[in-house]
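Chemist: Fold the stuff below for me.
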Amino acid sequence: MREIELYLYEKSNYLLTDWEDMRIFKILSIPEDIDLWENIIDLDGKLYAIYWQQGNKYQIRELEKFDVEERENWGEEEITCPVCGFEFSDSWEFEDCGEITCGACGSELEWNRMVEVSYSTVVTKINEPIKLGEEEEEEDCCDECAEIINGTIEI
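Modeler: Okay, the predicted model is just below:
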């Protein structure tokens, strides 16, 4: 048997926070051959997954009650486990779709990359408008041409 210390994950407990600055949630004795990574842990009827570990110290995250049929993650910036919320960093390096085992709770996951395209436009030259409908006086034009241009005489 080995003794482990469990600490609750909170957003304020960033990964780089010293263990001494966090409050111990539980101290447990577990068999040597149990690997807590990639497993869902049931403690007093609540479900948890390992978020971080260093030696015998484990930071655990409480899992929401979930319905596998209804849980999907859309619009996430990383591949994110719908069961425990574990995010695969550098998801951009993965293929466009595939399968993977969650590194925190061990759930089998399938993902698809959703790509959105947007465009931006910048003006590089403004075309000068053509003026229409304004009378222009022609110096070399006769009176009859001026009447035709102005529409007062028919040809």
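
Chemist: what about stretch 36-44, how long is it end to end?
Modeler: With CA to CA, to the nearest Å as the measure, the first residue of stretch 36-44 is 16 Å from its last.

Chemist: count of neighbours near the closest residue to residue 83 other than its chain neighbours?
Modeler: Leaving aside its sequence neighbours, residue 83 sits nearest to residue 107 (CB to CB, 6 or more residues apart in numbering; 4.7 Å). Where C-beta positions appear, they are placed from N, C-alpha and C, glycine not excepted. Burial measure for residue 107: 19 neighbouring residues, criterion other CB atoms under 10 Å.

Chemist: For residue 107, which residues are in contact?
Modeler: Residues in contact with residue 107 (CB atoms under 8 Å, 6 or more residues apart in numbering) are 40, 81, 83, 84, 101.

Chemist: Return the set of buried residues in stretch 28-36.
Modeler: Buried residues in stretch 28-36, counting neighbours by 16 or more other CB atoms under 10 Å, are found at residue 36.

Chemist: same question for it, mean pLDDT?
Modeler: In this model, stretch 28-36 has a mean pLDDT of 88.

Chemist: Helices of the protein, start to end?
Modeler: With DSSP state H, the ranges of helices along the chain come out as 143-150.

Chemist: longest strand of it?
Modeler: strand 46-54 (DSSP state E).

Chemist: next one: it to chain centre, how far?
Modeler: For strand 46-54, the separation from the chain centroid amounts to 23 Å (computed by CA atoms, centre = their mean, to the nearest Å).

Chemist: Give the other helices and strands that that strand contacts.
Modeler: strand 41-43, strand 57-62 (3 or more CB pairs under 8 Å, 6 or more residues apart in numbering; DSSP states H and E).

Chemist: and it, which strands flank it?
Modeler: With DSSP bridges as the test, strand 46-54 is paired with strand 41-43 (antiparallel), strand 57-62 (antiparallel).

Chemist: what's the closest of these to residue 95?
Modeler: Closest approach to residue 95 among those is made by strand 57-62 (27.3 Å; CB to CB).

Chemist: I am finished for the moment; much appreciated.
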